[in-house]
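> Take a look and give me a structure for this.
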Amino acid sequence: MIGTLERGLRILETLAPHPEGLPLAAIADDLELPRSACHRLLADLLRCGYVRQLRAQGEYALTTKLASLGLGYLGAAGMVDIAQPIIDRLAEKSGELVRLALVDGDRLTFVAKAQGARFGLRYDPDMGIDVRLSCSAGGHAWLMTLSEERATELVARQGFGERKVFGPKAPTTFKALMQVLEADRQRGFSLMEEMYAPGMSAMAAPVRRRDGGTIGVITVAGPLVRLTRERMLELGPALLGAAGELALSGTSSPLFARAR
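Have a look, this model is predicted:
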C-alpha cells in the first residue's frame, strides 16, 4: 500500500514537467488516485509552499521552493564552485552544450551545464531529469564502467528508450547495447549519433574516483551537422581531460565523495 508521503512525492514528480500546471482531474487520473484523496494531498502541499493554484478552482503547479532546496543543496556541497569552471572551459572549446550528471544510487541525474553554442542551432534539453541509460551518451559512459550484469540490471529496471520516442539508432536489445558499450570502453568515452534524438549527436566520459567507482559523467551534445563523428573524436582528449580534472577537484565535495 502506497503511503501518504510517497503519494505526495509522486504528485511533485508529476507536476515537475508541467510549469503551466495541471488540473486536479489530470493529476488524480495519472496517479490512479481518488480525486478526494488527491485534493487533500494537494492542499497539504499548497499549505507547505511546494504547490500553488494558478487560479481559483484551477490548475496546480509547483512553486520554486523545491528548486530552491535543490540549488541550496548543490551550492552547500560545493558543486557550482568545483564543477562549473571545468564545464565552462569544455563548452567554450567544443562550442556545444556540456553537462554534468551525478550517479545517485541507481540513477544518473543532470545537475550542471554550460552552453557553448553562440549562434545557429542550440541543443539544450531539460535539466534535473534522470538520464535514459540505454540510448544517451551519459548513460553509456556510466554503463561502460559497470559489469555486464549490473549494466543489464539497470537498463532492465528503467527500460529501453524506444526509437519512436528517442533516436532512430537507439539500441533496443541487450546484445546491441553491449556491442556499443564495448566500443565505448575501447575508446575511453561514449560516442553516439542519433540515438537519443534525431539529428543530434553526443559524447560522454565517466568521472571516476581513485578506487574506480564512478562519480558521474560529463557530456558534450549538439546537432549532428556540427558535432560530427570526426569532431567528437577530435574533442576526445579534451573531454577526458575535463573528466579527470573533475575527479581530482571533486574530492573536496561531500556530494562527489558519496556518489556511487
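> What residues of the helix or strand hosting C38 count as buried?
Here C38 sits within helix 35-48, counting by DSSP states H and E. For helix 35-48, the neighbour count (16 or more other C-beta atoms under 10 Å) marks 38, 41-42, 45 as buried. From N, CA and C alone the C-beta is placed, and that goes for glycine too.
> same question, stretch 98-113
So, applying 16+ other C-beta under 10 Å, buried residues of stretch 98-113: 98-103, 108-113.
> do stretch 22-32 as well
22, 24, 27-28, 31.
> Could you list the paired strands of the helix or strand hosting I215 along with their orientation?
Secondary structure assignment for I215, by DSSP H and E: strand 214-223. Strand 214-223 has the following sheet partners, assigned by DSSP bridges: strand 97-104 (antiparallel), strand 200-208 (antiparallel).
> Which residues does stretch 180-192 contact?
Stretch 180-192 has contacts (C-beta atoms under 8 Å, 6 or more residues apart in numbering) with 135-138, 140-141, 143-144, 151, 169, 171, 201-205, 229, 232-233, 236, 239-240, 243.
> give me the low-pLDDT residue ranges for the stretch 1-150 of the chain?
1-2, 71, 73-80, 118-130 (pLDDT under 70).
> 90 instead, please
Along the stretch 1-150 of the chain, segments meeting pLDDT under 90 span 1-5, 7, 13, 16-20, 53-58, 62-84, 102-113, 115-132.
> just the stretch 151-260 of the chain next, same as before
Residues of the stretch 151-260 of the chain meeting the criterion pLDDT under 90: 161-167, 209-213, 215, 247-260.
> all helices for it, in order.
174-187, 229-249, 254-258 (DSSP state H, counting those that start in this stretch).
> looking at those helices, which is buried most?
When these are scored by mean count of other C-beta atoms under 10 Å, the highest mean neighbour count falls to helix 229-249 (a mean of 17).
> so how far is that helix from its chain's centroid?
In terms of C-alpha atoms, centre = their mean, to the nearest Å, the gap separating the centre of helix 229-249 from the centre of its chain is 19 Å.
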